[in-house]
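Student: Following is a predicted model, sequence given first.
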Amino acid sequence: MVETTGQALIRGVDISRLVVKMENEALIFKPLISSVAVSSQQIRYYQKTSGYLTLSTPSRISNIPVGARPFVAETSWTRSTVYTKKYMLDSPMIDMEEESDSEVQVFMDNAKDIVDAISNDEDGDIWDVFTEDETPTNINTNAATAAWNAASGQDPFEDIMEAKQKIREETQRSIKNGKLLVNAQGEKDLLVWLVSTKGSSIPSFASEKVGSGTISNFAGLDVIVSENVSSTFACVADLKEAVEYKQFKPMQTWIITEEGVGRKIRCSTNGLAVLKKPKFVTLITGVYT
């Protein structure tokens, strides 16, 4: 027997609501991108070429004679067709005898483990989409001046500003929702560089970082830390502009009952991220050795 999402109760705990709350807390990249609900698993989308519309002589935009028709200009688009991904996972079976005498926290932890695993998988796939599987073709890329954990010669600020510059040059737009994406190693290396290497130049800033041990903003970018960022990379991006998530099915929860045996929790969601404006992304390579 399968209990519907609206009936997903174990020991008085509404597992459905709990799972949605946990998903919102577990996801890192997905909340940073645009999202739209879709009614089909097949997704057709268009990837836009960046830059201003330009015309070749004798066509022009200005100095059009009175009464003359305008010239025609259009951007180029690349059409792609993809299919959404289904994510699904079960908890271990909760024996009926254990259900009646186990702590409620056991069931909550089971639900959290499932949601964390699915969310991490979703975020990993989103990273692969906007970094083009870490093999840039359409997105921008630049190499670090030196690994951020090198004994000397590194300059993360230069690397990040170059990444921002490439986005500005390619899109003709400033970054409105800029993010710097690093993993825990990248965050540590950035903080160590700021405090140990540049601390004497920015004493008050360095002192604050010694106390907090965290960095939330750097070079005008929100710093986002995720272990889905591969160790040799960092990324600067306006993800709201670059990526769109096609949500076919939101996170759903079921309680699967095997009569006389026990129950288990099942969670599933279905969707896919697509890279629509690649020039709003710059992948920085060689940040760690």
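Tutor: Yep, that arrived.
Student: Would you map the strands across the stretch 1-150 of the chain?
Tutor: 2-3, 9-10, 13-14, 34-37, 42-48, 77-83, 85-90, 94-95, 140-143 (DSSP state E, counting those that start in this stretch).
Student: And the fourth one, how far out from the chain middle?
Tutor: In terms of CA atoms, centre = their mean, to the nearest Å, the centre of strand 34-37 is found 13 Å from the chain centre.
Student: Where among the strands of the stretch 1-150 of the chain is average confidence lowest?
Tutor: Out of these, strand 2-3 stands lowest, with a mean of 48 (criterion: mean pLDDT).
Student: So what's the residue count around the closest residue to residue 118 other than its chain neighbours?
Tutor: Using CB to CB, 6 or more residues apart in numbering and skipping residues adjacent in sequence, the residue nearest residue 118 is residue 87, 4.7 Å away. Every residue, glycine included, has its C-beta placed from N, CA and C. Counted with other CB atoms under 10 Å, residues neighbouring residue 87 total 18.
Student: if we can go back for a sec, okay, the strands of the stretch 1-150 of the chain in JSON lines with distance to residue 131 next?
Tutor: Converted to JSON lines, the strands of the stretch 1-150 of the chain look like this (distance: least, CB to CB, whole Å):
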{"stretch": "strand 2-3", "distance to residue 131": "38"}
{"stretch": "strand 9-10", "distance to residue 131": "39"}
{"stretch": "strand 13-14", "distance to residue 131": "37"}
{"stretch": "strand 34-37", "distance to residue 131": "17"}
{"stretch": "strand 42-48", "distance to residue 131": "15"}
{"stretch": "strand 77-83", "distance to residue 131": "16"}
{"stretch": "strand 85-90", "distance to residue 131": "17"}
{"stretch": "strand 94-95", "distance to residue 131": "39"}
{"stretch": "strand 140-143", "distance to residue 131": "9"}
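Student: and the helix or strand hosting residue 158, which residues are buried?
Tutor: Using DSSP states H and E, residue 158 maps to helix 156-171. In terms of neighbour count (16 or more other CB atoms under 10 Å), helix 156-171 has its buried residues at 156, 159-160, 162-164, 166-167, 170-171.
Student: likewise stretch 231-242?
Tutor: Quick answer for stretch 231-242 (16+ other CB under 10 Å): 232-242.
Student: And those residues, which is closest to residue 123?
Tutor: residue 239 (11.8 Å; CB to CB).
Student: Could you identify the most distant pair in the buried residues of helix 156-171?
Tutor: It's 156 and 171 that sit farthest apart of the buried residues of helix 156-171, by CB to CB, at 22.6 Å.
Student: Adding secondary structure and distance to residue 276, write the buried residues of stretch 231-242 out as CSV.
Tutor: Below are the buried residues of stretch 231-242 laid out as CSV (DSSP: H, G, I helix; E, B strand; the rest coil; distance: CB to CB, whole Å):
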residue, secondary structure, distance to residue 276
232, coil, 26
233, strand, 21
234, strand, 22
235, strand, 17
236, strand, 18
237, strand, 13
238, strand, 12
239, helix, 11
240, helix, 11
241, helix, 8
242, helix, 7
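Student: okay, now the nearest residue to residue 31 once chain neighbours are set aside: neighbour count?
Tutor: Of all residues not flanking residue 31 in the chain, residue 24 sits nearest, at 7.5 Å (CB to CB, 6+ apart). Residue 24: 13 surrounding residues under other CB under 10 Å.
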